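1. here's a sequence, model it:
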Amino acid sequence: MALSEIQRARVTKRLAAFCDARVPAAVRNKLRLGFRIKGNEVVLFEERPGFHLPNEWREMAVAKFKYVSTQELWRLYCQHRDLRWHSYEALPAARSFDRLLDEVATDPTGIFWG
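-> Residues are numbered from 1 along each chain as shown. The predicted model follows:
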């Protein structure tokens, strides 16, 4: 089930502010953060110019958040070397999207930002 309009607006506002604050204006020509919402899933990604084709930006996934409406929980996933999403073991779920985004921001395990 897709996010409600209220949830979608709240998540969009929070992530837009997060992405804007995380990347200083001076380096936005070399690094951008973005997100995509589809149904009940939100993917946070990083973009950088391609090495050989600097006009083409390459997207790299950072984290995936999934809302499970039947449980009223947000789940957090990280991408491993196999490029598949795996449940983030340190904090797999929370009632609050903000709690999971804060976990990604602080990245205590080093899995999201390296």
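2. nearest residue to H86 other than its sequence neighbours?
-> The shortest distance from H86 to any non-neighbouring residue, by Cβ to Cβ, 6 or more residues apart in numbering, is to H80 (5.4 Å). Just so you know, the C-beta spots here come from the backbone N, C-alpha and C atoms, and that holds for glycine as well.
3. how many residues are close by the one you found?
-> H80 has 10 neighbours, counted by other Cβ atoms under 10 Å.
4. ok, it touching Y88?
-> No. H80 is not in contact with Y88 according to Cβ atoms under 8 Å; the separation is 10.6 Å.
5. centroid residue for this protein?
-> With the centre of the chain defined as its mean C-alpha position, the nearest residue by Cα atoms, centre = their mean is L44, 2.3 Å away.
6. any idea how far the residue nearest to H86 is from I111?
-> Using Cβ to Cβ, to the nearest Å, one gets 8 Å for the distance from H80 to I111.
7. also A17?
-> With distances defined as Cβ to Cβ, the gap from A17 to I111 amounts to 23 Å.
8. look at these two and report which has more neighbours.
-> Set A17 next to I111 and count neighbours by other Cβ under 10 Å: I111 wins out with 17 against 10.
9. which helix or strand contains the spatially closest residue to that one that is not a sequence neighbour?
-> Using Cβ to Cβ, 6+ apart and skipping residues adjacent in sequence, the residue nearest I111 is C78, 4.8 Å away. C78 is part of strand 73-79 when elements are defined by DSSP states H and E.
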